Each structure stands twice: as structure tokens, then as C-alpha cells.
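1. give me coordinates for this.
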Amino acid sequence: MYLRQVSWSSLYKFGSIVLNFYLVSLIVSLVGVEGYGVYTAAISVTTWMFLFDFGVAKGARNVITKALIEKDFALIRKTVLITYTVTALVVLVMIGFFYFLVIYFDALKIEAIKNETLFILLVTCVVYFLFSIVDQLNYAVHKGNLVFVNSFFVAFINVVLIKFFYQDVTVDDVVILFCLSKVAPYIFSSVYFFVVNIDFRVGFTVAFDWVLLKRILSNSIFIILIQLLFLLMIGLDRIILLNCSSGTEVAKYDILYRVMGVVMLPYSLLVSPLWATLKKVLEDKDWKKFTEIKYRFHLLLAVAVFLLVLVVISFDWIVGIWLTQSILIDFYSKALMAVLFVCFIYCGFYTDMYFSFEVYKVLAFSLVLSLFLKYMYIYMSNEINAFAMIFSSVIGYMFLSVYFMMCNNSVSKGKFGTNL
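-> Numbering: from 1, shown residues only. As a prediction, the model looks like this:
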């Protein structure tokens, strides 16, 4: 079953990557490198939307994962009700807030993007945010492959829509087409999930449980704080570059990120069920299984390092074929982005481990220190460009990697009563 899920996930993930690469080349050909930089900076605001449920979705995922082990379906239905109710209320509030912020007060601007387009983008984000709860539910039931299906169809619909509006397209048009493609697959996926998973359906007999909400939120405060801190590590990079430099520098950063990100494919496929798996390992106190997972991860990390070296060497050739034009990016920026992705992979494993073990203070403290180092470097930099932004992230993530390594033994002692 696991191998079949990985196989299907590989297919959809690979298809998604191919479509997204084609989408970038299509947008660059239509609005230019500068226009693409503005576009990618604008849609980067979508990465912030998950913050608005105050961590309820991921907190609920932890509860559901444990409830599935104990076959407590009544608890599952109550958790689903709470998650969707709280999120829907937040969505309604945020739509009103964005209207006054963007349209009424004209208080939020992104260079070269109309206010009406920005409002549509933000509304789309919060609606997507409601329906993307299904991703957490799929992870909880060990169906992480369906998350990749959603990503595939987002990219597919986006490509089709842009091809349909191929002539005389503007940056605003591209943003709106992105909005349309972002929501549709998740609406369908949500309906499909509840058709297939009968035990998750909420009937009129299921009451809203305030005690359960408090239980979910007790950990959610830490989860949302940690998500916010992680987002600050790279989530503002494109916006900062656009404001302090140019759309071209944003485009360079994004192209580097996308090319190096291909190496994340095997990692993201194999570790997509990691959170739920580690949760079960901890419940069972299965030390042997845990050490086996760690061993496989380090093998995967070694493979990723090798692949990233190959990507750095062949980067110009890849971009030339992909965009049919040369983008002037220095070797040091390429190498630094490769180092950053090694840190992503390393920190990603330990972040999932600490999340599943509910060791939130270690994550929060280390992230605060990492962010201090990152933004201190940016503040002291004479020039903000793609290289400086990547280097600042490497500083933060390198510190984070070392700190996670140092905390490894103490966490294992507390959870398994032994050393890693």
C-alpha cells in the first residue's frame, strides 16, 4: 500500500513540477522577467494564509491521527466539525478585513498590481485556506498522495487558463487566472474525501465541543507561532526583494528556488506521511522503527546533496532549455541556494519529528535565534539582491540545523528514555 501511494505520488508530483516549470516559461514569455518577478512576489502572499486558523487544522491533525489509532470515530467527527466551523468563521472575518484594508482604505499595495486584483487574490487565498483543510485530513489517514493530486490539478488548470488567454495578457490577468486555478481542485477534493471517508462525516447529532476546541488550541498556539517563525525565514524574501531591489532580482531568486527545488521531489514523496508515522512510533514506543526511519532519512539526505551538486553544475544548461533565454546568475548564488536546500531537508525532518513529539519550545526558541541572525544580516547589508537574500536564509537555517543536532539527544531521552 505504501509503495503504491509513493508511486502515484511520484507521478503526480513529477507532473506538477513539469507543469509548473512550463507555467513559469509561459509567464516569462508573456510578461517578461520583470513582470514574472512582480507576479511571483504577489502570489507569495498565499503562503501566509494558513496562519489565520490559529493552528487549528494542524492541531486537529494531531488529534485525528491519535483518534484513528484508538478508533475513536466520535472524537474524529467532533474534531472535523470544530476545524471547519472555526476556519469558516475566520474566512468570513478575513474577507471583510481585506475589503476595508485593500479597497476602502487603500492601505496595502504591491508594485504593478491593481488593488482590485490584490483583493481578489487575498479572498481566493482565504477560500482556498478553508478547503485545503482536506490536506491535513488526508495526511492523518495516510493518504498524502492525494495532496500531490491537488497540486497537480492546480498547475494543470493554471496552464490551461493562461493558454486560453494567451494573447495580450498582463500581470494582473495572470494573477487572476492563478486565483481561479487555486481553488477549484480543493473544492472537488474536499467533496471526494467526505464521500469516501464515511466516518469523518458530520451529522446534525454531532455537537460543538468547547472542551475539545480548547484541547486543540492548547497546542495550536505553539504550532501557529512556529509556522509563523518558519514563514518569516523565507516567506518575506520575494516581497523584500521587490520593494528593495527589482522584479528581476525576484525572478532570479524564484528561478534558483524552483530549479533546486526539483531535488525535493524524492524527499517530499517519502516523508509526506512522516508526521503521522512518527506519532504512531511514539505511541508504540517503537525505538527500532524510529532508528530505521532516521537511517533512511540520512541516506536520502546524502542522495539529495549529490543531486544538488549536479544541478549547480548544469544550472545554466537547464535554464537555457527551460526558458529559452539566458538569465545571468552568479555561481555563488547557485551554490548558496543548493546549501539552503540541504538545510531545508535536514531541518524539515527534525521539524516533523519535534511536531509529532509535541516538542514546541525547542522549535520556537531555535527559530527566534535563527530569524535574528537572518534579519540582522539583511539590515547590515549594503545592497539587497538575490544573493544577499539567499545568504541570509543560509545563515538562519545553518544555525537551525546545528541547534537541532545539539537537541537531538535530550529530546530522545525525554520521549524514548534512551539516546539517538
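2. which elements pack onto the helix or strand that contains residue 88?
-> For residue 88, the host element (DSSP states H and E) is helix 73-98. Under the contact definition 3 or more CB pairs under 8 Å, 6 or more residues apart in numbering; DSSP states H and E, helix 73-98 sits against helix 56-70, helix 115-131, helix 133-140, helix 210-234. For every residue, glycine as well, the C-beta is placed using N, CA and C.
3. list the helices and strands the last one packs on?
-> The elements that helix 210-234 packs onto, with contact taken as 3+ CB pairs under 8 Å, 6+ apart, are helix 56-70, helix 73-98, helix 331-356, helix 360-380, helix 386-416.
4. which among the ones you listed is found nearest to residue 309?
-> helix 331-356 (7.1 Å; CB to CB).
5. show me which residues of that closest one are buried.
-> 333-356 (16 or more other CB atoms under 10 Å).
6. ok, now stretch 64-71?
-> Buried residues in stretch 64-71 (16+ other CB under 10 Å): 64-68.
7. check stretch 253-263 too.
-> Result for stretch 253-263 [16+ other CB under 10 Å]: buried residues 253-263.
8. got it, and stretch 363-377?
-> Buried, per 16+ other CB under 10 Å, within stretch 363-377: 363, 366-367, 370-371, 374-375, 377.
9. could I get those as a markdown table with distance to residue 245 and pLDDT?
-> What follows is these, written out as a markdown table (distance: CB to CB, whole Å; pLDDT from 0 to 100):
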| residue | distance to residue 245 | pLDDT |
| --- | --- | --- |
| 363 | 31 | 85 |
| 366 | 29 | 90 |
| 367 | 26 | 91 |
| 370 | 23 | 94 |
| 371 | 21 | 95 |
| 374 | 17 | 96 |
| 375 | 16 | 94 |
| 377 | 16 | 95 |
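10. surely residue 390 meets residue 340?
-> Yes: using CB atoms under 8 Å, residue 390 is in contact with residue 340, at 6.2 Å.
11. coming back round to it: ok, which of the helices and strands packed on helix 210-234 comes nearest residue 39?
-> That would be helix 386-416 among the helices and strands packed on helix 210-234, by CB to CB, at 16.3 Å.
12. over that closest one, what's the mean pLDDT, rounded is fine.
-> Averaged over helix 386-416, pLDDT sits at 83.
13. now do it against helix 360-380, angle only.
-> 170 degrees (axes from the mean of the first three to the mean of the last three CA atoms, to 10 degrees).
14. could you say what helices and strands helix 386-416 packs with?
-> helix 210-234, helix 237-244, helix 247-261, helix 331-356, helix 360-380.
15. SS state for residue 106?
-> coil (DSSP: H, G, I helix; E, B strand; the rest coil).
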